[in-house]
Structure formats: structure tokens, C-alpha cells
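Student: Attaching a predicted model along with its sequence, questions to come.
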Amino acid sequence: MIPVYLDNNATTRTDPKVVEAMLPYFVEQFGNASSMHAFGAEVGTALAKARQQLQALLGAQFDHEIIYMSSGTEADNSAILSAIETQTGRDEIITSAVEHPAILSLVAHLEKTRGITVHIIGVDARGRLDMEAYRKALGPKTAIVSIMWANNETGTIFPVEQLAQLAHEAGALFHTDAVQAIGKIPVNLAESEIDMLSLSGHKLHGPKGIGALYVRKGVRFRPMIRGGHQERGRRAGTENAPGIIGLGKAAELALEYMHDEQTRVAELRNRLEAGLLQRIGNSFVTGDTENRLPNTANVAFEYIEGEAILLLMNRDGIAASSGSACTSGSLEPSHVLRAMNVPYTAAHGAIRFSFSRESSDADVDHVLEAMPPIIAKLREMSPFWRERDVRTEAFNPTYA
């Protein structure tokens, strides 16, 4: 059995070319870039090149607008905490109901421990931001808006350029968690009003343990980690040279494969969705199917549990993700799908298939062959399926 990996929004395989670029900086070129000798200088030169590679992918105007960090989570936290400290007289945060926990957990903590006012903006049935509520939430007390570029579960893309412009009209900073977007859709920050942007290496075929925060020139930044002078004093700690160099190479490759992501990968995603909906009744695609990432499909299979689906998929050699999470012994649907008001009978059975440039037609063929009997077997065992209202059989949900 040839395994099928369709969980690339969770993590991607590190590209062998990335590994090749990193290897010399573990053993041969091991110097500390801050050291004033040849060992350090050669590493410093490599780090400068990697910064320019990432700058090119982001379309940033200056390479020093990039601050390397350990992860997208650290970048998210750093952006919000810096804004709270630098935006004098402003103590409100605006974010969305479908953000990653790296954002939602932090703002909940700030609300509880610091008295920060947090405005959580809802979404519609397709996962699109409530723009009227967003405009109403903006005001003279808004320190920062943090809205993701693209949702990690549904792939829905948010109008970050418009959101940033509106935030600036209110005198607020704008940050976007672009962890899922970078490498999949074109980005040009030099022509953008975005103040800060977070990304993570392992989401674009780079290594784990390395991320970055873009901070537009002129935006005041207060470091979260203090110590040495690394990253122009904005993030202390000896540079993770292999990781930075790996991220640089991954950025270079992402630019090279961008057209493939936009075309072939999107076609694979579309063929999988069409095939599943044709073969399996009581199923539908969640999210904004007209404005989303090219690699992401979130399909809800009604009346069964996502964890059971994943277990049987794994036995067939297929890796994907569930839209549900087990919390304190009780199964709860994804907060993203709940925010979209997807019915519990469907939200529990939502499966995210996320492709990459390494995905193939054979992967799609295998999933289309394996999924119908998996769903049929689980529905035979499901009391919810037996007790369903047959009047919903031909129902075409408005949230699909």
C-alpha cells in the first residue's frame, strides 16, 4: 500500500533540496554568526542570503523587515504583545472567531490578566468575515487588528488589504497570521498596508522550529525575548542558522512552484471534492469555495464522527485531519465550523484534505476509491444516521 499524505496544512515534508542546503551548517560551517572571525562570517553571509530569499517570497521592501523566530506561534504572540505595549492609550484588540489558537488563546489571556478589551468578529456560513461588525468594532482605543490571511481548516481567504486599510483609518496596527497563505498564493508586502505578518517554515516544505515575523519599516516594535543583539535587537538568542537557511531555500522553491500551487494542485483539490460529492450523499464542502487557498478542501460527511473516519482512512494509508477535537472527554466540533453555524450533525464529520506540490492524481484516485465504503460502514453503525430526518436527503444546505 502506497501511503497518501493529504495533511499538508498540519505540516509539509521538508524538501530534500532544503535539507541539502541546511546540512553543511550543522557540521562544516558551524560558527556563530555574531562572532568576529571567519567561522562566524561565513555563516553570517549565508543568513543574509536566506533573508533575501524570504524577502523575495514576501515581496518585502527591505530585508531587515524580517525577524526570525522559532515558530508562527511566537511570531503571532510577538506581534500582538508588541502592539499592546507600543500603542499608547489603546487597549483593545480585534480578531476573528476563526483564528488559530495561537491568537485566540493569547487574546483570551490578555483579556483575563490585563483587562484588555477583545472584540471577536464573527463569520458567515461560508467563513467570510462580518465586515459591518468589523467596522463597528474599530475605534480610537483599538491597538491592533489581527485577522488571518487564510483559514487553516477551510482555506477561506480574508480581504486583508481592505482590513488593513480600515484599521489604519482608525489609527490601529494591522497584523495577519499568514502561516497557511505563504507559499500558496502570491504576496507583495511592499505594496501593502499590512504592518506585521507571521509565517512558519514547516508549512512550506521548510524545517520545523523556524518562523518569521515581518514588521514593516517604521512600525514600532517591542521585543518579547530580550538578551543579545541578534535580529537588530528585536529577538534575542543565537540564530538558528540551519533553520534560517532552510527557510530561505524553502522560500526560493515556493516562488518557483507558485504557478503549480495555483493550477495543478487546485485541480487535484477540485477533482477530489467533485468525486467525493458524486459518490457520497449527505456530504458538502465547507468554506468559501470561490475565494480560498488552492490546496485546501474541508468536506463534511453528515451523521458520523470525524475521528472514526480518520481511523479507517489511516488503515487505508490515507492521512488527513478531522474538524473535531476531543476535549475533557466530550467530543466538540471545530471552533471554526461552529462559528460558521455548520450543524453539529455535519461539523462532527468534517475532514480536511490539504494538498501540496508533492500530491498526485494517484493520491486522489486512492481516496476516491477508499472513502465511499468507509463512510457507508460508519453510517451503518451510526444511530444518528438511522434516526435522521429523511426529508433532509435532498436538502442542499446554504452553508455548502
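Tutor: Looks like it arrived, so ask away.

Student: Show me where the stretch 1-150 of the chain has its strands.
Tutor: Using DSSP state E, counting those that start in this stretch, the strands found in the stretch 1-150 of the chain span residues 4-5, 66-69, 92-96, 117-121, 142-146.

Student: out of those strands, nearest to residue 32?
Tutor: Of all the strands of the stretch 1-150 of the chain, the one in closest proximity to residue 32, counting by CB to CB, is strand 66-69 (14.6 Å). Any C-beta I mention is one placed from the backbone N, CA and C, and that applies to glycine too.

Student: What separation is there between residue 170 and residue 198?
Tutor: From residue 170 over to residue 198 the distance is 22 Å, taken as CB to CB, to the nearest Å.

Student: So for those two, which residue has more residues nearby?
Tutor: Taking other CB atoms under 10 Å, residue 170 and residue 198 do not tie; residue 198 has more neighbours (31 against 17).

Student: For my notes, confirm that one occurs in a strand.
Tutor: Yes - checked against DSSP: H, G, I helix; E, B strand; the rest coil, residue 198 lies within a strand.

Student: contacting residues for the closest residue to it other than its chain neighbours?
Tutor: Using CB to CB, 6 or more residues apart in numbering and skipping the chain neighbours, the partner closest in space to residue 198 is residue 75 (3.6 Å). Residues in contact with residue 75 (CB atoms under 8 Å, 6 or more residues apart in numbering) are 67, 69, 198, 199, 200, 211, 212, 213.

Student: now with 10 Å?
Tutor: Neighbouring residues of residue 75 by CB atoms under 10 Å, 6 or more residues apart in numbering: 67-69, 102, 175, 177-179, 196-200, 211-215, 224, 235.

Student: what's the answer for residue 223, then?
Tutor: Contact analysis of residue 223 by CB under 10 Å, 6+ apart lists 67, 78, 81, 82, 85, 231, 232, 233, 234, 235, 236.

Student: Help me confirm that the third one comes into contact with residue 222.
Tutor: Yes - look at residue 81 against residue 222 with CB atoms under 10 Å: they come within range, at 7.4 Å.

Student: Those two: which has the busier surroundings?
Tutor: Between residue 81 and residue 222, counting by other CB under 10 Å, residue 81 is the more crowded of the two (16 against 13).

Student: and the nearest residue to that one once chain neighbours are set aside, which of the three is it?
Tutor: Spatial nearest neighbour of residue 81, chain neighbours left out: residue 224 (5.5 Å); criterion: CB to CB, 6+ apart. With three-state DSSP as the basis, residue 224 sits in coil.

Student: thinking again about what came up before, please name whichever of the strands of the stretch 1-150 of the chain is nearest to residue 385.
Tutor: Residue 385 sits nearest to strand 4-5 of all these, at 25.9 Å, using CB to CB.

Student: May I have the strands that pair with that closest one, each with its orientation?
Tutor: strand 318-319 (parallel) (DSSP bridges).

Student: Which strands or helices does the helix or strand following the partner strand pack on?
Tutor: Sequence order places strand 321-322 as the next helix or strand after strand 318-319, per DSSP states H and E. In terms of contacts (3 or more CB pairs under 10 Å, 6 or more residues apart in numbering; DSSP states H and E), strand 321-322 is packed against helix 306-315, strand 350-354.

Student: one more time with 7 Å
Tutor: Here strand 321-322 touches helix 306-315, going by 3 or more CB pairs under 7 Å, 6 or more residues apart in numbering; DSSP states H and E.

Student: how far is the helix it packs on from where the chain is centred?
Tutor: Centroid displacement of helix 306-315 relative to its chain, using CA atoms, centre = their mean, to the nearest Å, is 23 Å.

Student: any idea of the angle that helix forms with strand 350-354?
Tutor: Put simply, helix 306-315 runs at 40 degrees to strand 350-354, going by axes from the mean of the first three to the mean of the last three CA atoms, to 10 degrees.

Student: Show the average pLDDT along helix 306-315.
Tutor: Computed over helix 306-315, the mean pLDDT rounds to 95.

Student: ok, back up a step: contact partners for the residue nearest to residue 81?
Tutor: Residue 224 makes contact with 77, 78, 81, according to CB atoms under 7 Å, 6 or more residues apart in numbering.

Student: pLDDT weak spots in this protein?
Tutor: Applying pLDDT under 70 to the chain flags the ranges 323-331, 389-400.

Student: what about the residue most central in space within it, which helix or strand?
Tutor: By CA atoms, centre = their mean, the mean C-alpha position of the chain lies nearest to residue 180, the distance being 3.0 Å. Using DSSP H and E, residue 180 sits within no helix or strand.

Student: Quick check: it touching residue 154?
Tutor: No - the criterion here is CB atoms under 7 Å, and residue 180 misses it with residue 154 at 10.2 Å.
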